[in-house]
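Student: The sequence and its predicted three-dimensional model are supplied below.
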Amino acid sequence: MFITTVVADAFATKCYLVAAAEGGDCVVVDPGYGVSERLGQALDRHGLTARAVLLTHGHLDHTYSVPAVEATHRLPIYLHPADHHMLADPFSGLGDEFGPQFAQLLGPEWTWRQPHDVHTLSDGDLFRVSGLEIRVDHTPGHTPGSVMFNLPGDRPGESYCLVGDTLYAGTIGRTDMPGGSRAQTLHSLRGLLRKADQTVLLTGHGEDTTVGRERFANQFMVQASSWDGTGEPPRTIMGWKPGQRV
């Protein structure tokens, strides 16, 4: 297994290059702002050939470079259909706070070219490329079409999960943007709780973590484990300590 990242110029979004081994075919996950030129450099440096772009969700900080990458490398784009509308109108999923931040960053002359070769991802899909097998989990909550990508490691019991913005180390991605749902995120986290503790969680922003660490150190994972999904989801507890019941 070979995984490397190219960090975007805005919002520190992590673009992943994932391959069975260095020097082979790879997939590109979440090419964000300013990634396209450095992506080519990373491919050359590691002897990789990109075969597809996989998107954990449709937010612009994860998709900004998709049109350029599609045009330069002629790659198919894969995204859950619930987020396809964001590739037609990238501001549709950003909301009243995040949208103006991006508009200021991009400036009034910026235009968007909608990618053409767009395919769908569904829960349970298996994506194969040159010895690499990626299983898709649909995990709505941050956006309706958020997904995670599951990868086996090279050693027995080793596994990785690219979680996008569904979960960060110690917290979760925002659920107050268009289409977001805290209740759906907690339901999606229940799937993570079923994974082995040593599963490495590769996040869309910030430090990576593991299921075992987040199981007790992340209030939202604790909430997901104890909430049966009925009624209102548990409220966030200010000053919560790792390991504390909710």
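Tutor: It's in.

Student: Quick one: low-confidence residue ranges for the chain.
Tutor: Using pLDDT under 70 as the threshold, the predicted model of the chain has low-confidence ranges 238-240, 243, 245-246.

Student: what about the helices in it?
Tutor: Listed in chain order, the helices of the chain (DSSP state H) span residues 36-45, 60-63, 66-73, 85-88, 95-106, 182-193, 211-217, 219-226.

Student: So in terms of bridging, what pairs with the spatially most central residue of the chain?
Tutor: Against the mean C-alpha coordinate of the chain, by CA atoms, centre = their mean, the closest residue is residue 164 at 1.9 Å. According to DSSP bridges, the partner residues bridging residue 164 are residue 203.

Student: ok, now which ones touch it?
Tutor: The neighbours of residue 164, taking CB atoms under 8 Å, 6 or more residues apart in numbering as the test, are 30, 56, 57, 62, 139, 142, 146, 147, 148, 173, 203, 204. Yep, even glycine has a C-beta here, placed from its N, CA and C like the rest.

Student: Pull the contacting residues for the closest residue to residue 139 other than its chain neighbours.
Tutor: Distances taken as CB to CB, 6 or more residues apart in numbering put residue 188 closest to residue 139, at 3.6 Å, once the chain neighbours are dropped. Residues near residue 188 by CB under 8 Å, 6+ apart: 137, 139, 140, 141, 146, 166.

Student: Kindly report the same for residue 21.
Tutor: With CB under 8 Å, 6+ apart as the criterion, the residues that contact residue 21 are 1, 2, 131.

Student: Please apply the same query to residue 210.
Tutor: Under the criterion of CB under 8 Å, 6+ apart, the neighbours of residue 210 are 197, 198, 199, 200, 201.
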